[in-house]
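K.L.:
Predicted model and sequence follow; I will ask about them next.
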Amino acid sequence: MLIEVRAIRKSFYGVTVLDDVDFTLHAGEIHALLGENGAGKSTLVKILTGAYRRDGGTMRLEGAEVEPRDVAEAQAMGIGTVYQEVNLLENLSVAENVYLGRQPRRFGMIDTTRMEREAAALLARYGLRVDPGESLSAYSVAIRQIIAIARAVDLSGKVLFLDEPTASLDAREVEAIFAILRRLRDDGLGIVIITHFLDQVYALADRVTVLRNGKLVGSRATRDLPRRDLVGMMLGRELAEETHARSAAAPVDTPAPIRFRGMGKTGSVAPFDMDIRPGEVLGIAGLLGSGRTETAFLLFGIDRADSGSAEIDGSPVTLKSPHDAIAHGFGFCPEERKADGIVADLSVRENIILALQARRGWSRPIPRREQNAIAERYIRMLDIRPTDPERPIKFLSGGNQQKVILARWLATDPRFLILDEPTRGIDIGAHAEIIRLIDGLRAEGMALAVISSELDELVAYSSRVVVMADHRQVAELAGEEISAQAIMAAMAVEAA
Amino acid sequence: MIRARNLPFAATVLIFIIAYALCVMQFPNMLSTRVVGNLLTDNAFLGIAAVGMTFVILSGGIDLSVGSVIAFTSVFIAVTVRAGMHPAMAFALALVISTAFGALMGLTIHALSMPPFVVTLAGMFLARGAAFLLTTESVPISHPFLDTLGDLFFRLPGKGRLTFLAMLMLAVFVIGAIIAKRTRFGANVYALGGSPQSAELMGVPVRATTIRLYALSGALAGLAGIAYTLYTSAGYSLATVGMELDAIAAVVVGGTLLTGGAGLVMGTLFGVLIQGLIQTYIVFDGTLSSWWTKIVVGLLLFAFIVLQRVILLFHGPKGKPARMVPAGG
């Protein structure tokens, strides 16, 4: 056994990120590490590669207990890492990137000639013919990724961690990198790869370990693991078959007031049709990286579609920016609350009136008395705690921040509200409340689209469910067809 | 063929040659070893300090304390020599102090993760204040040892002299260029300037490099202070105010990217020489205000910032296809 990890624990500021996770890596194995956002996989990798220190548990490398203090020490032990983007230095030459920190020297001086000769020879073994003296910025991302792999393997030699190494590569480049990884595996290296693409997992990995919410779900041989079961592991299997009961009530045959036809963006989401009706919740299901969020960005005009059209109440509209979307009565609660949603230093009141004020135009400020009234109404309605409207939002819990963002859009009285992972990162009690809210808004006649990786949630409140995989819609389920099983089956459909 | 990253350096050398040729066309007397020798001697202290500044800027930082450290060093030497200390001893002490001062700034920058701008700004006031503390008057110094150094020169063909100061500056440039390009410390400095995060992930000792970097800049500022003392034979706490900005200008005109990561130490030599050439031209002309130096340097700075942008635009990522053959082949 190359790496053997037992009961690793890690928490940040009292939040447990890894909870008694076990992980085993053999030499000559490609091991995929999977999990949705927040599953803890990057934290695990950072602990194993020395970027973080663990709080508890043991780590053995070739049988000996180790605790790398930093990246350099992990490298010295034989553990190398290739990160998604920030790994090499564009301003240095190819050879300098390969040998930074261990340049060959003669009489105390770097022997540039020898360094470039050795770099050329090393990279030739990876099938690369590059000018080692040229600066790295002259080469494409795929070439850089191969150079990063060559450096990490040359430097460490036992274990290679790859964090989404193919995120920005095209199919041919991905295949070139996979060929290299397979060869390294056959040479006896242990390789751990983080990826979101199930196709890649089955094309490359011998073994799969799945994390969910900081806990180990399981570790299985890829060969013996059907896709459906893998999807099930990633999304959690405690799914009740019959949770879907009521919300399908809305009559599906009425003409939809908001219609999208052939909307798509090259490299982001394949063209899709979508009908939005009042009194309906449209669920959008899909694994991370399947194009769910990109779909929401198109609907709300954050990304501009390069094909297709949108139609509201029978007349065509263009959604060039969120400003257009807001003008048409759309609202959007993004997934990344911290990055895209809340303005941390502003108060709860200021966060709530933000979208309403934007719609009115900044030249017509909402009177303070009216602001207070709006803030108090939604604090009461959504049960936001603490109830003080003047408290900076950064001091609120995740669930309450989510409610403030919801309030922000409700204050604009939207006809169509898009929610991206509304229940992520909030506690169970707040979870149920948000779901009740969604149901309540639907019952009042609002049109909603909700993106979620919580299947049982989607099943509970959706009138229809669109399933996405590999950046396209693969299925649409309605009424009685909606079940966690059916959604997972649709997700697991192999890419054509 | 010139690589894209060396284009700014080539441009600097070209500008210097063209400017010098234009000067000579107007004033044929400017083509003499005497003018060249004076150019080197008159700008020795600026050049020495600018080598340290080159390293700092290559790393993505800045050192605003340089001018003040030069003033402090010259006052310190003048006061201690007046008090009876041998100049060689005073020089050594001054270098120790300025190096330690730089190292301390580097440590502060790293430990508090403060912008170098702020920390060295504080250093600038500290060093200047310390100079005033020693004395507020201009202290002339004379000592046989200093005369010996002053008389040390190579006679150049023609009437020119390659003085001790000029040799000292050229030596600093040569050693600086070797450190930058041929040592691991130099490579680490470039790495920091490229991206501190990536550099750290690649195992660059960020803390040690930062400390040594500012210590080097401090040491060279101290050495520049010694050169300045030899040049003026006096120590004055109001001297070299704003000199750090001339050094920064020389570095940027010399082709170093102000955001760090790209540039050559030897480029800075030409950056200094271009500034010196403009001053020489003004002296030869006799009617122009010396402030024209500032105007021309300002215009050159703009031109170089634009040039660097343009090069970045045309030589961004994916400029060059590499041949990729199937792995294992």
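P.N.:
Noted; the coordinates are in hand.
K.L.:
And the helix or strand hosting residue B:177, what does it pack against?
P.N.:
For residue B:177, the enclosing helix or strand under DSSP states H and E is helix B:164-182. In terms of contact count using 3 or more Cβ pairs under 8 Å, 6 or more residues apart in numbering or on different chains; DSSP states H and E, helix B:164-182 is assigned the packing partners strand A:109-110, helix B:33-42, helix B:44-58, helix B:184-194, helix B:206-232, helix B:265-285. Quick note: C-beta positions are derived from backbone N, CA and C, even for glycine.
K.L.:
what angle do it and helix B:33-42 make?
P.N.:
The directions of helix B:164-182 and helix B:33-42 differ by 70 degrees, with axes from the mean of the first three to the mean of the last three Cα atoms, to 10 degrees as the criterion.
K.L.:
In the helix or strand bottoming out on mean pLDDT in chain A, which of the residues would be classed as buried?
P.N.:
Each helix and strand of chain A was given a mean pLDDT (mean pLDDT, DSSP states H and E); the minimum falls on helix A:428-443 at a mean of 78. By 16 or more other Cβ atoms under 10 Å in any protein chain shown, the buried positions in helix A:428-443 come out as A:430-431, A:433-435, A:437-439, A:441-442.
K.L.:
Of the residues you listed, which is the nearest to residue A:151?
P.N.:
Within the set of the buried residues of helix A:428-443, residue A:431 lies nearest residue A:151; the separation is 44.2 Å, counting by Cβ to Cβ.
K.L.:
Please give me every residue in contact with the residue in the stretch 51-200 of chain B that chain A sits nearest to.
P.N.:
Across the stretch 51-200 of chain B, no residue is closer to chain A than residue B:194, which sits at 3.8 Å (Cβ to the nearest Cβ). Contacts of residue B:194 were listed using Cβ atoms under 8 Å, 6 or more residues apart in numbering or on different chains, and they are A:89-92, B:260-261.
K.L.:
Make JSON lines out of these and add pLDDT.
P.N.:
Converted to JSON lines, the contacts of residue B:194 look like this (pLDDT from 0 to 100):
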{"residue": "A:89", "pLDDT": "91"}
{"residue": "A:90", "pLDDT": "88"}
{"residue": "A:91", "pLDDT": "89"}
{"residue": "A:92", "pLDDT": "92"}
{"residue": "B:260", "pLDDT": "89"}
{"residue": "B:261", "pLDDT": "90"}
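K.L.:
can you tell me which of these lies nearest to residue A:27?
P.N.:
Taking Cβ to Cβ as the measure, residue A:27 sits nearest to residue A:89 out of those, at 30.5 Å.
K.L.:
can you list the weak-confidence ranges in chain B?
P.N.:
Across chain B, the ranges flagged by pLDDT under 70 are B:1-2, B:312-329.
K.L.:
related to what we said a few turns ago, just checking, next helix/strand downstream of the least confident helix or strand of chain A?
P.N.:
Past helix A:428-443, further along toward the C-terminus, the next helix or strand under DSSP H and E is strand A:447-451.
K.L.:
can you give me the angle that next one makes with helix A:428-443?
P.N.:
Interaxial angle, strand A:447-451 versus helix A:428-443 (the same axes, to 10 degrees): 150 degrees.
K.L.:
any weak-confidence spans in chain A?
P.N.:
Using pLDDT under 70 as the threshold, the predicted model of chain A has low-confidence ranges A:37-38, A:84-86, A:167-168, A:236-253, A:336-340, A:425-430, A:494-496.
K.L.:
so how far is chain B from the residue in chain A sticking out farthest from the centre?
P.N.:
Distance from the C-alpha centroid of chain A, by Cα atoms, centre = their mean, peaks at residue A:107 (49.7 Å). Here the criterion is Cβ to the nearest Cβ, to the nearest Å. By it, residue A:107 lies 10 Å from chain B.
K.L.:
In contact with the spatially most central residue of chain B, which residues?
P.N.:
With distances taken as Cα atoms, centre = their mean, the residue of chain B nearest its centroid is residue B:50 (0.4 Å). When contacts are counted by Cβ under 8 Å, 6+ apart, residue B:50 is found next to B:246-247, B:250-251, B:254, B:268, B:271-272.
K.L.:
If we use 6 Å, what do you get?
P.N.:
Shown here is residue B:50, whose contacts under the criterion Cβ atoms under 6 Å, 6 or more residues apart in numbering or on different chains are B:247, B:250-251, B:268, B:272.
K.L.:
any idea which helix or strand comes after the helix or strand that contains residue B:123?
P.N.:
Under the criterion DSSP H and E, the helix or strand holding residue B:123 is helix B:116-134. Of the helices and strands lying after helix B:116-134 in sequence (DSSP H and E), the nearest is strand B:139-140.
K.L.:
Could you report the neighbour count for residue 189?
P.N.:
Just so you know, I chose chain A. Counted by other Cβ atoms under 10 Å in any protein chain shown, the residues lying close to residue A:189 total 22.
K.L.:
try chain B instead
P.N.:
By the other Cβ under 10 Å criterion, the neighbourhood of residue B:189 contains 30 residues.
K.L.:
you'd agree it is up against residue B:60?
P.N.:
No: assessed by Cβ atoms under 6 Å, residue B:189 is found out of contact with residue B:60, at 9.3 Å.
K.L.:
that older thread, got the buried residues for the helix holding residue B:177?
P.N.:
Taking 16+ other Cβ under 10 Å as the neighbour-count basis, helix B:164-182 is seen to contain the buried residues B:164-169, B:172-173, B:176-177, B:179-182.
K.L.:
Run the angle between it and helix B:44-58 for me.
P.N.:
Between the direction of helix B:164-182 and that of helix B:44-58, the angle (the same axes, to 10 degrees) works out to 20 degrees.
K.L.:
quick check, distance from helix B:164-182 to the centre of its chain.
P.N.:
Helix B:164-182 has its C-alpha centroid displaced from the chain centroid by 11 Å (Cα atoms, centre = their mean, to the nearest Å).
K.L.:
Over to stretch B:275-290?
P.N.:
Taking Cα atoms, centre = their mean, one finds stretch B:275-290 lying 21 Å from the centre of the chain it belongs to.
K.L.:
re the thing from before, name the surrounding residues that touch the least confident helix or strand of chain A.
P.N.:
Judged by Cβ under 6 Å, 6+ apart, the contacts made with helix A:428-443 from elsewhere in the structure are A:281, A:399, A:422-423, A:448, A:461.
K.L.:
and what of stretch B:181-192?
P.N.:
By Cβ under 6 Å, 6+ apart, the residues outside stretch B:181-192 that reach it are A:89, A:92, A:96, A:100, A:103, A:109-110, B:55, B:58-59, B:179-180, B:199, B:204, B:209.
K.L.:
Residue A:477 pairs with what?
P.N.:
Beta-bridge partners recorded for residue A:477 (DSSP bridges): residue A:465.
K.L.:
still on that earlier bit, out of the helices and strands packed on helix B:164-182, which comes closest to residue A:331?
P.N.:
For residue A:331, the closest of these is helix B:184-194, at 42.0 Å, according to Cβ to Cβ.
K.L.:
Any part of the next helix or strand after that closest one near chain A?
P.N.:
Next along the chain after helix B:184-194, taking DSSP H and E as the criterion, comes helix B:196-201. Yes: Helix B:196-201 lies within reach of chain A by Cβ under 6 Å from any Cβ of the partner chain, at B:197-198, B:201.
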